[in-house]
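Asks: I'd like to go over a predicted model; first the sequence, then the structure.
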Amino acid sequence: MFRSTTATVLGAFTLLAASAGVPSAAPDDDLEPQADAVKLAASIQSQLTGRAFGWQFAVSQDGKFVQASTAGTSGFALSSADAGGSPVAMTPTTKMDIASATKTVTAIATMKLLRANDLTIESRVAPYLPASWKRGAGFEKAGSGRPQPKPIRFRHLLAHTSGINQAIAAGGVSIPNGWEGSQTIVKNGGKADSSRVYHNHNYGLLRVLNAELYKRSAGKPAVTQSNHAVYALEHMQKGIFEPAGLKGITCAPADPVTAMKSYPVGATQTSKGTLHMGGPESCAGHRGLFMSAFQHVQLLAHLRHGEIIEPEDLDEMDELRLGWNQNADKGANEGAFWHGGDLLGSNQLHTCGATFDDGTEVSIMVNSPIAGQSTGDLSDKPAPPASPCGVALAAWKAAK
């Protein structure tokens with residue numbers, strides 16, 4: 001059971017708007033004791049100290065932002081080599097590409113758009129694809145007159161069970177994300193109800209579909225290659241971020257010159273970093289949202305305790321791991337839902353947004369690998385200790 005609570009403001013950070021109308025949670029003897037926020041924050045700090053170039057995190061409980069005196073941030077957003085000789089400290093308001101943690105936001109956007117268009121996760125995606133696209137297995141239009149395999153539905157993309165990854169592997173050719181890549185994915189086809197195999201193209205295709213659903217519900221002009229990501233982001237801004245009290249979230253830094261950069265393991269002040277930033281067509285789908293830990297945890301708090309989407313839609317997200325790591329809420333991690341993000345290369349960035357059934361939400365963002373961390377993409381794999389989601393899980397368990 002996830003706890004609900006009334007709106008509150010702490011310092012300059014509003015988590016739940018007073019107009020949200022969320023009822024106070026009645027005492028429930030069946031709920032386990034809530035994690036100690038101070039211990040949780042101290043555990044995060046302890047796990048990261050000396051193991052990364054820079055990090056930020058934020059914790060909320062029952063809709064209230066929580067910060068222990070020793071927690072929140074450490075290290076550097078920019079090295080001396082990247083900042084004219086004077087390093088720039090990391091802060092909990094430093095924005096960065098949250099990478100694949102964007103997928104949780106995309107899933108929320110899809111759930112909201114499906115309801116706005118009187119659809120469900122069982123609705124076929126085919127009617128909402130560009131009419132001119134050639135269609136392979138699972139994406140055919142109804143009534144084509146030839147035998148059709150099981151249609152791919154919204155839940156297949158949301159849960160990575162569309163067979164898209166398997167089709168790409170069988171073709172043996174890498175397909176870039178974006179409009180043209182999604183067009184190729186649809187042409188190649190998939191296989192509904194395949195085993196869950198994580199792939200960015202599921203959410204790249206949702207960006208196109210979300211643009212079409214937003215067009216229909218908002219009365220916009222036709223969706224095109226040049227405007228589809230704009231539409232998808234605009235819906236996130238109006239339908240998700242604004243209800244959560246968040247403004248100015250886009251898919252680019254305000255100033256690329258002074259924006260936070262990513263660094264390698266063992267980075268020093270002489271290390272040169274990389275600005276990880278997707279192109280305009282990667283926005284509001286599989287990656288690309290620029291947020292701070294404060295903003296990220298504020299969004300998660302509203303998701304769990306506010307009114308961004310209907311409770312039954314959030315229940316579906318949880319039950320089927322739509323927008324969450326496939327290992328969330330299983331076994332020893334019961335009561336925990338999370339999604340990480342990883343931007344790789346010699347200079348790396350790693351993020352995590354996690355929610356827990358005692359009313360706790362955590363965002364952790366690191367601008368280098370954590371010493372001892374696998375260098376691979378951990379977004380939909382079990383969260384090992386040396387990853388932001390592993391750190392969040394371990395801290396929550398230690399604070400119980």
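Replies: Arrived safely.

Asks: quick check: closest non-adjacent residue to Leu300.
Replies: Glu361 (4.0 Å; C-beta to C-beta, 6 or more residues apart in numbering). The way it works is simple: take the backbone N, C-alpha and C, and place the C-beta from them, glycine included.

Asks: for the one you found, give me phi and psi.
Replies: Note on Glu361: its backbone torsions stand at phi -130, psi 140 [degrees, to the nearest 10].

Asks: cool, Ala77 as well?
Replies: Dihedral angles for Ala77 - degrees, to the nearest 10 - are phi -80, psi -30.

Asks: hang on, isn't it packed against Pro92?
Replies: No - contact criterion C-beta atoms under 8 Å: Ala77 and Pro92 do not qualify, at 11.1 Å.

Asks: these two: which has the busier surroundings?
Replies: Higher neighbour count among Ala77 and Pro92: Ala77, with 25 against 22, using other C-beta atoms under 10 Å.

Asks: could you pull out the strands for the stretch 151-300 of the chain?
Replies: With strands called from DSSP state E, counting those that start in this stretch, the stretch 151-300 of the chain shows them at 290-291.

Asks: any stretches of it with poor pLDDT?
Replies: Judged by pLDDT under 70, the stretch 151-300 of the chain has no weakly predicted residues.

Asks: and the helices in it?
Replies: Here the stretch 151-300 of the chain has its helices, by DSSP state H, counting those that start in this stretch, at 154-158, 164-171, 179-188, 200-218, 228-236, 293-305.

Asks: same for the third one, what does it pack against?
Replies: To tie it back to what came earlier, the one meant is helix 179-188. Judged by 3 or more C-beta pairs under 8 Å, 6 or more residues apart in numbering; DSSP states H and E, the packing partners of helix 179-188 are helix 164-171, helix 200-218.

Asks: which helices and strands sit right next to the first one?
Replies: When contacts are defined as 3+ C-beta pairs under 8 Å, 6+ apart, helix 164-171 sits against helix 179-188, helix 200-218.

Asks: could I get these as JSON lines with distance to Ala244?
Replies: JSON lines is the format used below for these (distance: least, C-beta to C-beta, whole Å):
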{"stretch": "helix 179-188", "distance to Ala244": "28"}
{"stretch": "helix 200-218", "distance to Ala244": "18"}
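
Asks: nearest to Leu157, of these?
Replies: helix 200-218 (4.5 Å; C-beta to C-beta).

Asks: got the angle between the closest one and helix 228-236?
Replies: 70 degrees (axes from the mean of the first three to the mean of the last three C-alpha atoms, to 10 degrees).

Asks: what stretches of the stretch 1-150 of the chain score poorly on pLDDT?
Replies: Scanning the stretch 1-150 of the chain for pLDDT under 70 picks out the ranges 1-31, 67-71, 143-148.

Asks: quick one, helices of it?
Replies: 37-48, 102-116.

Asks: against which helices or strands is the longest one packed?
Replies: Which is helix 102-116. Packed next to helix 102-116, using 3+ C-beta pairs under 8 Å, 6+ apart, are helix 154-158, helix 200-218, helix 228-236, helix 311-320, strand 336-343.

Asks: next, the angle helix 293-305 makes with that helix.
Replies: Using the same axes, to 10 degrees: helix 102-116 against helix 293-305 is 40 degrees.

Asks: for helix 102-116, what is the distance to the chain centroid?
Replies: Taking C-alpha atoms, centre = their mean, to the nearest Å, one finds the center of helix 102-116 at 11 Å from the center of the full chain.

Asks: what do you get for the shortest one?
Replies: Relative to the mean C-alpha coordinate of its chain, helix 37-48 is positioned 22 Å out (C-alpha atoms, centre = their mean).

Asks: what does it contact?
Replies: Contact with helix 37-48 is made by 55, 57, 59, 61, 66-68, 70-72, 74, 360, 362, 364, 366, 370, 385, 391-392, 394-396, 398-399, as judged by C-beta atoms under 8 Å, 6 or more residues apart in numbering.

Asks: rewinding a little: looking at the helices of the stretch 1-150 of the chain, which is buried most?
Replies: helix 102-116 (a mean of 25; mean count of other C-beta atoms under 10 Å).

Asks: what's that one in contact with?
Replies: 120-121, 123, 154, 158, 203, 206-207, 209-210, 213-214, 217, 232, 235-236, 239-240, 284-289, 299, 303, 308-310, 313-314, 316-317, 322-324, 339, 341, 353, 379.

Asks: returning to that earlier point: can you list the helices and strands packed on helix 102-116 in CSV and add mean neighbour count and distance to Glu32?
Replies: Shown next, in CSV, are the helices and strands packed on helix 102-116 (neighbours: other C-beta atoms under 10 Å; distance: least, C-beta to C-beta, whole Å):
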stretch, mean neighbour count, distance to Glu32
helix 154-158, 25, 29
helix 200-218, 24, 33
helix 228-236, 24, 33
helix 311-320, 16, 17
strand 336-343, 26, 12
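
Asks: of all those, which one is nearest Ala169?
Replies: helix 200-218 (11.7 Å).

Asks: and the angle for the closest one with helix 164-171?
Replies: 130 degrees.

Asks: elements contacting helix 200-218?
Replies: Secondary-structure packing of helix 200-218 (3+ C-beta pairs under 8 Å, 6+ apart): helix 102-116, helix 154-158, helix 164-171, helix 179-188, helix 228-236.
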